[in-house]
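Visitor: Turn this into a structure:
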Amino acid sequence: MDTSTEPAMFKSPEAIRALCAERGITPDKSIYLYCFKGSRASNTFVALKEAGFPDVRNYFASWNEWSRLPELPIETGMPALV
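Guide: Just a heads-up that it's a prediction; the model follows:
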């Protein structure tokens, strides 16, 4: 989000693509978004779609659902750097 505006707005598509590229996220990849329930991740979904990322998916129910199913894996420890 661009917090220099009132109200805050999405950054420009160019700025979003640049931020993503710095982290190895490119439009040719599938991107799965999640948060606790999927609602906060929806802002990122819209921003990425507006920036031209074609394969973006929001895991609706997200961690709230995943963490309740004991048969699903849960990674622990520090995340690996991309």
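Visitor: hey, let's count contacts and neighbours off CA atoms from now on
Guide: Fine.
Visitor: Can you pull out the low-pLDDT segments for this structure?
Guide: Counting by pLDDT under 70, the chain contains low-confidence ranges at 82.
Visitor: So which residues of it form strands?
Guide: 31-33, 56-58 (DSSP state E).
Visitor: which other helices and strands contact the first one?
Guide: This points to strand 31-33. Under the contact criterion of 3 or more C-alpha pairs under 8 Å, 6 or more residues apart in numbering; DSSP states H and E, strand 31-33 touches helix 41-50, strand 56-58.
Visitor: do the last one as well
Guide: The contact analysis (3+ C-alpha pairs under 8 Å, 6+ apart) places strand 56-58 against strand 31-33, helix 41-50.
Visitor: what distance separates it from the centre of its chain?
Guide: Relative to its chain's centre, strand 56-58 lies at 8 Å (C-alpha atoms, centre = their mean, to the nearest Å).
Visitor: I'd like the strands of the chain laid out as TSV, including distance to A47 and mean neighbour count.
Guide: Formatted as TSV, those follow (distance: least, C-alpha to C-alpha, whole Å; neighbours: other C-alpha atoms under 10 Å):
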stretch	distance to A47	mean neighbour count
strand 31-33	12	15
strand 56-58	10	18
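Visitor: any chance of those in JSON lines, plus distance to P7?
Guide: Formatted as JSON lines, the strands of the chain follow (distance: least, C-alpha to C-alpha, whole Å):
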{"stretch": "strand 31-33", "distance to P7": "24"}
{"stretch": "strand 56-58", "distance to P7": "25"}
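Visitor: quick one on the thing from earlier: comparing the helices and strands packed on strand 56-58, which comes out most buried?
Guide: Highest mean neighbour count of these: helix 41-50, a mean of 17 (counted as mean count of other C-alpha atoms under 10 Å).
Visitor: picking up where we left off before, among the helices and strands packed on strand 31-33, which comes closest to R17?
Guide: helix 41-50 (8.0 Å; C-alpha to C-alpha).
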